Structure formats: structure tokens, C-alpha cells
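Enquirer: task: produce atomic coordinates for the following.
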Amino acid sequence: MPSIRWSVAPRQVSVALTNACDLRCRYCYAPKRRAQLNYEQLIEWLAQLDGAGCFGVGFGGGEPTLYREFRGLCETVAKTTRLAVTFTTHAHRLHEELAADLKGNVHFIRVSMDGIGSTYEALRGRDFTALCKKLSLARSIAPFGINFVVNATTFPDLDAAIALAHDYDASEFLLLPERRTPACSGIDETTREQLRDWIATSRRSVRLAVSESDADGLPTCDPLTGEIGLRSYAHVDAFGKLRRSSFDSIGVAIGTNGILDALTKLEAIAGENQ
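Expert: Next comes the predicted model:
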């Protein structure tokens, strides 16, 4: 199909509902300034994206389950748009009542699990056994995957983490090489090389994935070679700015003309800076 007939909107848009989080992971790159999106504005933006051909929205943060209107948001988007609804969570706030409300209104869940056992507990400050119980709860809501930050500390746990993901019927294992933050230096080159070798040689029972921004130097399968940048993905931060990704410093405030207008402006800026 010629690109002139492609959808105007990105295929997938991630949305940071709030910057609030009740964990304090040193390697977290999310902004620490207080902010959260207005519910009514967000519903309007998502309706615009749906009308422009976007396939799905992924809610994150911060921790999205701390967003006061989270349950109603998922239900409204699932029932009034064609968007696939996903969210990324540390999972410790999932409980039976919330799971019942989300079931049927969420299509995929991503659970952050960096390391296993004592590694996880040292990095995230939460009980690993408790997390495993939450994996079972997540599985009862919708298909789920594991997000795994890879650094020198977590890399030795990869094989065991994949085995655990398989045991809990995870459908995807997302590799996230650690990003540089004010508190952490990011994945070192030795660990990155070990990760490349592991991907090339290890046997796995769960599908591997990596985000476009983290794929540099890693062996990947790219079925949509013409769909890159804002054709593929965009991010809305908790301040209401549209960005190419959550890591990008360039952003356009979504104004009264809506998110598609901001997308046009961001495309122009991104073109000037490529």
C-alpha cells in the first residue's frame, strides 16, 4: 500500500498517565516532577487517535494504577474506541476487585520484573514471592508480558527469569537495556555484548522483544521496514506533551487543536532535527 494511504496517527501511542509511583528504583528514567493528565482531555485525544487510524494505546507512568480514573479510563477506551488497551505496571497494586473491573477492558499487560528473587528485592524493594502471586492475577485479566531491565546486576538472572515467565504463561519477554539516569550510568558495554551473545545462543520458551529505541546493535526482526519514527510510535507525557519517545527531550504541548495538530508540529520538528 502506498504510504500516502497510511493512517495519519502512529500505530501505537504510549501515555504516561501520572509521574507518581510508590517504588523508588534507582535506574528509573521517568520524570520525578508531579504531574498527571486531565481525564476529559485524554479521552478526547484518544478518540482523535482512534479516528486517525491508531491501533493501540499503552498506559504507563509512573505507576498507572495510581491514576484515580484508571479503571474508568480503560473501560471507556475499550468500549468507545477500536484501540487496543495495554498498560505497564509493577503489579503490586493489583488486587481481585481491580482485576474484575479491568477484565474485558484491557487487552495486554506488561509487568516490570527486573531480576528474580533477592536481585529483584534489592532493586525494587518489594517481596518477590508477592510479585509472583500478582503475575497469576495479571494472567487472569489478559495476556501479559514481562519487562526486564538488563544491567550487570540483572543479566545473570536472565535464564531463570525466562523460565519463570514460561511457568506463568507470559506471552512476551521485553528486554530493556538500562538507560542512563542521574543515579545510574546505564548498561555497560561488557554487559551489552553479553546480552547480544545471549540472544544469539540461548534457548528460549518465551518470545523476545525489544523497543525500537533499545535495539541498536541487537539482532532484531523488523517486519515493517517503512514504518519508523512517528509512523510507528509516539509518547504523551504526564504534562500533556507529545514526544517521539519517553526518552526524547523534544516535545510539543498538545493544545486546544488536539493531538493530531501536535503530531503535525512534532513531525516538522523531528524532520528538522534528524
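Enquirer: and Val57, how far is that from Gly145?
Expert: Here the criterion is CB to CB, to the nearest Å. By it, Val57 lies 16 Å from Gly145. Yep, even glycine has a C-beta here, placed from its N, CA and C like the rest.
Enquirer: same thing with Gly255?
Expert: 34 Å.
Enquirer: who touches Ala200 in this structure?
Expert: Pro219 (CB atoms under 8 Å, 6 or more residues apart in numbering).
Enquirer: look at Gly255 and Gly145 and report which has more neighbours.
Expert: Gly145 (22 against 11; other CB atoms under 10 Å).
Enquirer: which residues does that one form beta bridges with?
Expert: Arg110, Glu172 (DSSP bridges).
Enquirer: again, but for the one 4 residues further on
Expert: Note on Val149: beta-bridge partners Leu176, judged by DSSP bridges.
Enquirer: that one: neighbour count?
Expert: Val149: 23 neighbours (other CB under 10 Å).
Enquirer: also Ser245?
Expert: Neighbours around Ser245, by other CB under 10 Å: 15.
Enquirer: before we move on, what about Ala183?
Expert: With neighbours defined by other CB under 10 Å, the count for Ala183 comes to 11.
Enquirer: contact partners for it?
Expert: Arg26, Tyr27.
Enquirer: where's it relative to Ser211, distance?
Expert: Between Ala183 and Ser211 the computed distance is 21 Å (CB to CB).
Enquirer: likewise Gly72?
Expert: Going from Gly72 to Ser211 by CB to CB gives 28 Å.
Enquirer: mind checking the SS state of the closest residue to Trp198 other than its chain neighbours?
Expert: Excluding the flanking residues, the one nearest Trp198 by CB to CB, 6 or more residues apart in numbering is Leu158, at 6.2 Å. Secondary structure assignment for Leu158 (DSSP: H, G, I helix; E, B strand; the rest coil): helix.
Enquirer: what residues are up against Leu158?
Expert: Shown in contact with Leu158 (CB under 8 Å, 6+ apart): Phe148, Val150, Trp198, Ser202.
Enquirer: repeat for Pro219
Expert: Arg196, Ile199, Ala200 are the contacts of Pro219 under CB under 8 Å, 6+ apart.
Enquirer: from Pro219, how far out is the last one?
Expert: Taking CB to CB as the measure, Ala200 and Pro219 are separated by 6 Å.
Enquirer: what does the second one give?
Expert: Relative to Pro219, Ile199 is positioned 6 Å away (criterion: CB to CB).
Enquirer: all helices for the stretch 1-150 of the chain, in order.
Expert: 39-51, 70-80, 96-102, 117-124, 128-141 (DSSP state H, counting those that start in this stretch).
Enquirer: with Ala270 as the reference, name the closest of those.
Expert: Proximity to Ala270 (CB to CB) singles out helix 39-51 among the helices of the stretch 1-150 of the chain, at 17.7 Å.
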